[in-house]
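[1] Show me how the following folds:
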Amino acid sequence: MTPFGKRLRELRAARGVTMKEMADAIGVSAAYLSALEHGHRGKPTYYLLQRIITFFNIIWDEAEDLERLAQNSDPRVVVDTSGLTPAATTLANRLSRSIRSLSDADVEAILALLETRLKTKPRR
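    I've put the predicted structure just below:
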């Protein structure tokens, strides 16, 4: 499940909306919506995301949070390390090979380290 799929499921449950009801309202099939929630589909298009935001009638910070989750929810990531250091290429390859064997705690620790490092270094 992706972060976006998890949040989408939470929103539906909190409002008591079935997958079929939501799918009909936003113009997609229930099967597609299920695949989106379970992470079997890539991140939603901008237009679909806007229909979802409108459907749930969410605004401002909550809408921005949902957009951010969508941006971080592509289940099939491609990392282009051309022009980067050999260490960066090694990191990308090691992560792609080992991510399934990492515990949730390991993943959280790596994410926390990245967030800490990105906050202290200027973004390019």
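[2] Quick check: mean pLDDT of the helix or strand containing residue 106?
    Using DSSP states H and E, residue 106 sits within helix 104-120. Mean per-residue pLDDT for helix 104-120: 89.
[3] now do stretch 58-74
    Taken as a whole, stretch 58-74 has a mean pLDDT of 89.
[4] and that stretch, how far out from the chain's middle?
    The gap between the average C-alpha position of stretch 58-74 and the chain average comes to 9 Å, counting by C-alpha atoms, centre = their mean, to the nearest Å.
[5] Kindly report the same for stretch 16-23.
    Distance of stretch 16-23 from its chain centroid, counting by C-alpha atoms, centre = their mean, is 20 Å.
[6] what helix or strand does the residue lying closest to residue 67 once chain neighbours are set aside sit in?
    Using C-beta to C-beta, 6 or more residues apart in numbering and skipping residues adjacent in sequence, the residue nearest residue 67 is residue 49, 6.3 Å away. For glycine as for every other residue, the C-beta is placed from the backbone atoms N, C-alpha and C. Assignment of secondary structure by DSSP H and E places residue 49 within helix 46-56.
[7] can you dump the C-alpha coordinates of stretch 9-27 into PDB?
    Extracted C-alpha coordinates of stretch 9-27, given in PDB (Å, rounded to 0.1, in the frame of the first residue of the first chain):
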ATOM      1  CA  ARG A   9      -8.800   4.500   2.500                       C
ATOM      2  CA  GLU A  10      -8.800   6.400   5.800                       C
ATOM      3  CA  LEU A  11     -10.800   9.200   4.200                       C
ATOM      4  CA  ARG A  12     -13.400   6.800   2.700                       C
ATOM      5  CA  ALA A  13     -13.700   5.000   6.000                       C
ATOM      6  CA  ALA A  14     -14.100   8.200   8.100                       C
ATOM      7  CA  ARG A  15     -16.900   9.400   5.800                       C
ATOM      8  CA  GLY A  16     -18.500   6.000   5.400                       C
ATOM      9  CA  VAL A  17     -18.200   5.900   1.600                       C
ATOM     10  CA  THR A  18     -17.900   2.600  -0.200                       C
ATOM     11  CA  MET A  19     -15.400   2.200  -3.000                       C
ATOM     12  CA  LYS A  20     -18.100   1.900  -5.600                       C
ATOM     13  CA  GLU A  21     -19.800   5.100  -4.500                       C
ATOM     14  CA  MET A  22     -16.600   7.000  -4.600                       C
ATOM     15  CA  ALA A  23     -15.500   5.400  -7.900                       C
ATOM     16  CA  ASP A  24     -18.800   6.400  -9.500                       C
ATOM     17  CA  ALA A  25     -18.600   9.900  -8.200                       C
ATOM     18  CA  ILE A  26     -15.100  10.600  -9.500                       C
ATOM     19  CA  GLY A  27     -15.400   8.800 -12.800                       C
END
